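Asker: Starting from these lines, generate the structure:
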Amino acid sequence: MSWLPYGGDLVIAASLLGVVGSAIWIKGGIFRPDLMEEVRLYLGRNPFQVKAAILQRWEDVVAFTWLSLSFLLSLLGAVQSGRDQSRELYWAQLDTRILFPTLLAVGTALFLASVWISKWLGMRQAVPVLVNLQHELLSGALHVIRHDGLTDQLIPGAVVGPEQKTKQLAEAARRLDQVGRLVEILRRAEEGDASYGERLEAFARKFPTTTVED
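Answerer: Numbering: from 1, shown residues only. A predicted model of the protein is given here:
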């Protein structure tokens, strides 16, 4: 197997991938920013749990890929090590003060890239589902904002006082923020409810299975 790198280099690469894969797995299992939302009932459903589960799945897929490759390189490295004991390793040419920072930098870059890729893949799968789950919530909030605090379930002839309108507008704004957090479209600084709602509505209309009514 002369085409392979030296055995020691394969072992180092395998160890690095194993550490990165383990770190991603640990990150997915421990650091879950939507964890508090998962434990709450959310209008009878829990879309944060759906989002977390989909993203977790893709992180596990990426981590499993790196760990599997790590084991394969370890096996090849063990075979090659017996063939190149007298040959100088690539990494051995680097000073220790350069070697460790280099490995740390490569590992960190690989970790960040892997997390970004798994997040991107997960959100591509999760967003259509989340938008569909939040269709009624978004429609209701937009109706309240566009009709000055009146809900779409208002009984004809009923009178709504200013205090109740203010309360319903505040609830509509809170719901917009929750939908925005789910699909990761956050409210801009000083952005009003109407403008923010229009951005979320335009985003939701990109998905053919979801329509947002006035």
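Asker: Going by C-alpha atoms from here, please, whenever you check contacts or count neighbours.
Answerer: OK.
Asker: Could you list the low-confidence segments of this protein?
Answerer: 1-8, 26-45, 75-96, 99-100, 152-160, 209-214 (pLDDT under 70).
Asker: Show me the longest helix that occurs in it.
Answerer: Across the chain, the helix with the greatest residue count (assigned by DSSP state H) is helix 96-133.
Asker: Only the buried residues of it, if you could.
Answerer: 107, 110-111, 114-115, 118-119, 121-123, 126-133 (16 or more other C-alpha atoms under 10 Å).
Asker: I figured residue 47 hits residue 130, correct?
Answerer: Yes: in this structure, residue 47 is within contact of residue 130 by C-alpha atoms under 8 Å, at 6.3 Å.
Asker: domain ranges for this protein?
Answerer: 7-126, 135-204 (automatic domain parsing).
Asker: Would you map the helices across this structure?
Answerer: Assigned by DSSP H, the chain shows helices spanning 7-30, 35-38, 47-81, 96-133, 135-146, 162-183, 193-204.
Asker: CA atoms of the last one as CSV?
Answerer: Going back to what we said before, that points to helix 193-204. Extracted in CSV, the C-alpha atoms of helix 193-204 (Å, rounded to 0.1, in the frame of the first residue of the first chain):
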residue,chain,number,x,y,z
ASP,A,193,-45.0,43.9,14.4
ALA,A,194,-46.6,44.5,11.0
SER,A,195,-43.2,44.6,9.2
TYR,A,196,-42.0,41.5,11.0
GLY,A,197,-45.2,39.6,10.3
GLU,A,198,-44.9,40.4,6.6
ARG,A,199,-41.4,39.0,6.5
LEU,A,200,-42.5,35.8,8.2
GLU,A,201,-45.5,35.6,5.9
ALA,A,202,-43.3,36.0,2.8
PHE,A,203,-41.0,33.3,4.1
ALA,A,204,-43.9,30.9,4.8
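Asker: Would you mark the buried spots in it?
Answerer: Within helix 193-204, the residues scored as buried using 16+ other C-alpha under 10 Å are 193, 196, 197, 200, 201, 204.
Asker: any chance of those residues in JSON lines, with distance to residue 170 too?
Answerer: Converted to JSON lines, the buried residues of helix 193-204 look like this (distance: C-alpha to C-alpha, whole Å):
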{"residue": "193", "distance to residue 170": "10"}
{"residue": "196", "distance to residue 170": "14"}
{"residue": "197", "distance to residue 170": "13"}
{"residue": "200", "distance to residue 170": "17"}
{"residue": "201", "distance to residue 170": "18"}
{"residue": "204", "distance to residue 170": "22"}
